[in-house]
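[1] got a predicted model here, sequence first, then my questions.
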Amino acid sequence: MKKYQKTLGIITFVAAIPLMAAQNDTIIKVNTFVDEDLDNNLCSLKEAITAAEKSTSYHGCILPAIDTKYTIQLEKGTYDLNEELVPKNSLTIQGPEPVDWTKKGSLSGDYPALTPIQTRINARGKSRIFNTAVSKQPLILNNIILENGKASDVGGAIYAGADVTLQNTQILNSQAPNGGAIYLGGGNASLTVDHSLLQGNGLAANTGSVIAMSCMFNGSYTTNTILFKLSSIIKNGSANSLSTFEFCGSPKITFENNTVAQNSANLTNGTIVKFSGNADPIQNQTTNLSSDSSLTLVNNTIVENSAHTIFLYDKLGKKDLSFNVLAFNSGTFACRYLLGSAADQKDSRISLKFNALKLSGTNEKCDLPAETLPAGHTNIDVSSKILSQLLEPSKEPSDENTEFLPIYYPKNNQQSDDLVDVDLKNEGGCLSVDQRGLERPTSTTDQTVLNSNNKCDIGSIEQARLGIRTTETDTGYINNSLTDLLNTYQSGVDQTKAKLADPSFSFQEATLKIDLATFENLVNQTKANLKYRAIYINLKNYYSPFQNGNLREINIIPYENSNHIFVPFKPDDYDIDVKVIGKGQTFETATEDEAKSLKCEWNSSLKQIILYRIDDAPSGDGYFEFCKYTITLKSDKNITASGIVKASLVNIAPVSENSTITFKYLANEIIPLNLLQYANDDGDGPTNTLITKPNKPQFADLPIYLPSKTSKDGIFKVVKADREGPCPGKDSKKTCYGGNIYIQANNAFNTFNDTLTYNVYDADNVISSTPGTITLVSTATTTDDTRGGGGSLGILSLASLLGLVVYRRYRK
């Protein structure tokens, strides 16, 4: 269970992995399920492909703009074909996102819920579905089921001459003698199969019931790049097939987090994964596999297949296998060396780590060179086991908890030879997520069920246990401006209200109402719980798509119960205990001071941990504030997790705001300006929560610094101030001012407007990061109008402003 950057979750798959069509692609909308090519107001899939090819509107297909690549948008339903589709330029074809905005997701606990794919392209056994070998152009398919394709030669569903990407796509019941589902032709192409299902293909195939390819092109090996990830490949092929995956040429092949199960090939000479030549290159025989090829298998569950050999290999190509279940199949060999017994072979180019293999016996043995299994190797010998001891039966029919894919759950027997938590030293490099997109979390501080650290599980599915993921970096959490935080929450209120008023967001009404209530609560409760220089840390469900704008988060990874139903994290379901550790350079050296100045509190109204001090001491360079938190499920005290908050409290610089002052011009008038009324140090929060300095001022004694005593265009100059002297701290060589400053026009006849810039220092001698700009507007140029943001000043107002200094406090 390994740390990773959050990319996707079981419920947020569609949101977390955007459709691969670029945002700037021109979209052609299909509005009929009929496979037609007629000059009417209907746009069929075939006509949309033609419109993209011609880069112009065609029949009922409206092309909104000319582009180099196009996206064709399909609707829910089935598109029946009469003949194969032949795209002649780069295309993305996508169905609608498979989500239901009226239901909450099983893992996210938020809207929307995932649904099965709702768009189908059905060739009805009449033809292949896609042929890109003609024009050799890339094809991307999203959220689509391809079914019942049929070809008399190669590629029952897809005959690819260029790059093909399948994302959240299914290929079902497609048939061809070679490459029942997919055939890669041409010299080089890439195939990416991502979060997809291939089932029931190649039932009459000779080679490659799932995939086959051309081996040579123009006298050279083909160079295909092939990636299967987060996918299930099941029930393909038959007892007459020679192979399921037929690899040749010089391919780079990767399998990550897949379930490869219940596929069939001939029990006498058939193979599920063929990664070998067809001759002995040592004897100078020509072989169809290059020595430059490679095969990488990580975290795959390869079980219940039927064939003479499941994995056929030789010395050609590099082979890396780690964290795979390659056992519990029907046939003679789980792994077999092409040219005979493997035990004494050298330089086989096989790397093995943490695989579940049958290493002894005569049935289903994984026959490997002895050199690949040195003393102390990390692979698990499951020769004495049967599948039901280590894995649960295949989960079918699939549902939202399985990402709508057939999978096998591992069993945790609390034994050294099960498939759970095998990499105790985190040395194997398992994948960061499992087939469902769930975290494989590991942390030296985060504790999970049974108080054991999560480690990598073998196979494509990780046991989902309560875990923790933070947004904390090496520098820890750092407090930000509380003004900015409140403004962020208020923006959330305003934007959510705008969406609720927008009819185009009506399908999200339920979730938007919840979001609005959340943002309004954050505004109100943050104001009610303001602390000086506090850090407010969200405690939230890791897989929830909702973001409140506060990037300081502790994400709780939900657990699944014994029935593999996810229980979305809700703070009200847990006892949450927060304790102060203290201040120090590391967690181990942190100590609490006698005054107990550091506070860490769980606030149930905010659903946040609040960390703050009751003195105004910053953490200082190299020092941090540490707290420990523990969450425990109220209904089951065994389900618990703990973590550490590492934080740094810093001074927030004051703000010099911009404003406009309108005054009635009188010749030679000296005009007082109280610049502090346009500045604030509200970002630190209220000082009345401090025990040591409850009346701490916002600003330094001489807080105002003027980069220039002359306005920008030289119309006004500063003639005096109530007080002046050296600026605070390290800027003591500069001159600063207190109270009012006074300006006067350089020329009695000059009545134009101008600007004056200023900075302010807070009580900790920190200067505002950006100068404020005061626009000086004389009514001699505006016909005595009055402008917002300032006021109207004249000679009679002087008395009321002399000596006036406004120290604004944060208003709750």
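    Right, received. Where do you want to start?
[2] wait, is Glu520 part of a helix?
    Yes - assignment of Glu520 by DSSP: H, G, I helix; E, B strand; the rest coil places it within a helix.
[3] go ahead and confirm it touches Val493.
    Yes - Glu520 is within contact range of Val493, at 5.8 Å (criterion: Cβ atoms under 8 Å). For glycine as for every other residue, the C-beta is placed from the backbone atoms N, C-alpha and C.
[4] in stretch 689-696, what's buried?
    Thr689, Leu690, Lys696 (16 or more other Cβ atoms under 10 Å).
[5] what's the average pLDDT for it?
    Stretch 689-696 carries an average pLDDT of 94.
[6] next, give phi and psi for Phe228.
    Phe228 adopts backbone torsions of phi -110, psi 130, taken as degrees, to the nearest 10.
[7] for it, give me its contacts.
    If you count contacts by Cβ atoms under 8 Å, 6 or more residues apart in numbering, Phe228 has them with Val193, Thr254, Phe255, Glu256, Asn258.
[8] Phe247 contacts Leu295, correct?
    Yes - the pair Phe247 / Leu295 is scored as a contact, 7.4 Å apart, by Cβ under 8 Å.
[9] shared neighbours of the two, anything?
    Here Phe247 and Leu295 have Ile253, Phe275 as joint contacts, going by Cβ under 8 Å, 6+ apart.
[10] where in this protein is pLDDT low?
    1-25, 280-286, 441-454, 665-667, 748-751, 780-812 (pLDDT under 70).
[11] which elements pack onto the helix or strand encompassing Leu611?
    Assigned by DSSP states H and E, Leu611 falls within strand 608-613. Judged by 3 or more Cβ pairs under 8 Å, 6 or more residues apart in numbering; DSSP states H and E, strand 608-613 is in contact with strand 535-541, strand 598-603, strand 624-633, strand 640-648.
[12] name the residues that touch that strand?
    477, 529, 531-539, 554, 578, 597-603, 625, 627, 629, 645, 647, 649, 689.
[13] partners of that strand, with directions?
    Taking DSSP bridges as the criterion, strand 608-613 sits next to strand 535-541 (antiparallel), strand 598-603 (antiparallel) in its sheet.
[14] please identify the buried residues of the longest one?
    It refers to strand 535-541. Applying a neighbour-count criterion of 16+ other Cβ under 10 Å, one finds Ile535, Tyr536, Ile537, Asn538, Leu539, Lys540, Asn541 buried in strand 535-541.
[15] mind listing the residues bridging to Gly77?
    Under the criterion used (DSSP bridges), Gly77 bridges to Thr119.
[16] number of nearby residues for the residue nearest to Ile211 when sequence neighbours are not counted?
    Once flanking residues are discounted, Ile211 sits nearest to Ile182: 4.7 Å by Cβ to Cβ, 6 or more residues apart in numbering. Per other Cβ atoms under 10 Å, the neighbour tally for Ile182 reads 31.
[17] need the contact list for Ile182.
    Contacts of Ile182 (Cβ under 8 Å, 6+ apart): Gly155, Ala157, Ile158, Ala160, Val164, Ile171, Leu191, Val210, Ile211, Ala212.
[18] what do you get if the cut-off is 6 Å, keeping everything else the same?
    By Cβ atoms under 6 Å, 6 or more residues apart in numbering, the contact set of Ile182 is Gly155, Ile158, Ile211.
[19] take those residues and keep only those in strands.
    Members of those lying in strands (criterion: DSSP state E): Ile158, Ile211.
[20] of the contacts of Ile182, which is the most crowded?
    Within the contacts of Ile182, neighbour counts (other Cβ under 10 Å) peak at Ile211, which reaches 32 neighbours.
[21] for that one, name its beta-bridge partners.
    Beta bridges link Ile211 to Ile182, Phe245 when assigned by DSSP bridges.
[22] for it, what are its contacts?
    By Cβ under 6 Å, 6+ apart, the contact list for Ile211 reads Gly179, Ile182, Phe245.
[23] how about the nearest residue to the first one, chain neighbours excluded?
    In space, Gly179 comes closest to Ala212 once its chain neighbours are excluded; the distance is 3.8 Å by Cβ to Cβ, 6+ apart.
[24] the one you found reaches Tyr183, doesn't it?
    Yes - the pair Ala212 / Tyr183 is scored as a contact, 5.4 Å apart, by Cβ atoms under 6 Å.
[25] quick revisit: from the contacts of Ile182, which single one is nearest Pro406?
    Closest to Pro406 out of the contacts of Ile182 is Ile211 (18.7 Å), distances taken as Cβ to Cβ.
[26] measure the closest one to Tyr737 for me?
    Distance, Ile211 to Tyr737, by Cβ to Cβ, to the nearest Å: 77 Å.
[27] repeat for Asn31
    Relative to Tyr737, Asn31 is positioned 70 Å away (Cβ to Cβ).
[28] comparing these two, which residue is more hemmed in?
    In terms of neighbours (other Cβ under 10 Å), Tyr737 is the more surrounded of Asn31 and Tyr737; the figures are 23 against 15.
[29] list the contacts of the helix or strand hosting the more buried one.
    Element membership for Tyr737, per DSSP H and E: strand 735-745. Applying Cβ under 6 Å, 6+ apart, the contact partners of strand 735-745 are 670-674, 702, 704-705, 716, 718-724, 727, 801, 803, 805.
[30] do a quick rundown of the strands in the stretch 351-500 of the chain.
    All strands of the stretch 351-500 of the chain, identified by DSSP state E, counting those that start in this stretch, fall at 356-357, 365-366, 380-381, 467-470, 477-478.
[31] packing partners for the longest one?
    In this structure, strand 467-470 packs against strand 553-557, with contacts taken as 3 or more Cβ pairs under 6 Å, 6 or more residues apart in numbering; DSSP states H and E.
[32] mind giving me the packing neighbours of the next helix or strand after the strand it packs on?
    For strand 553-557, the following helix or strand on the C-terminal side (DSSP H and E) is strand 559-560. Helices and strands touching strand 559-560, by 3+ Cβ pairs under 6 Å, 6+ apart: there are none.
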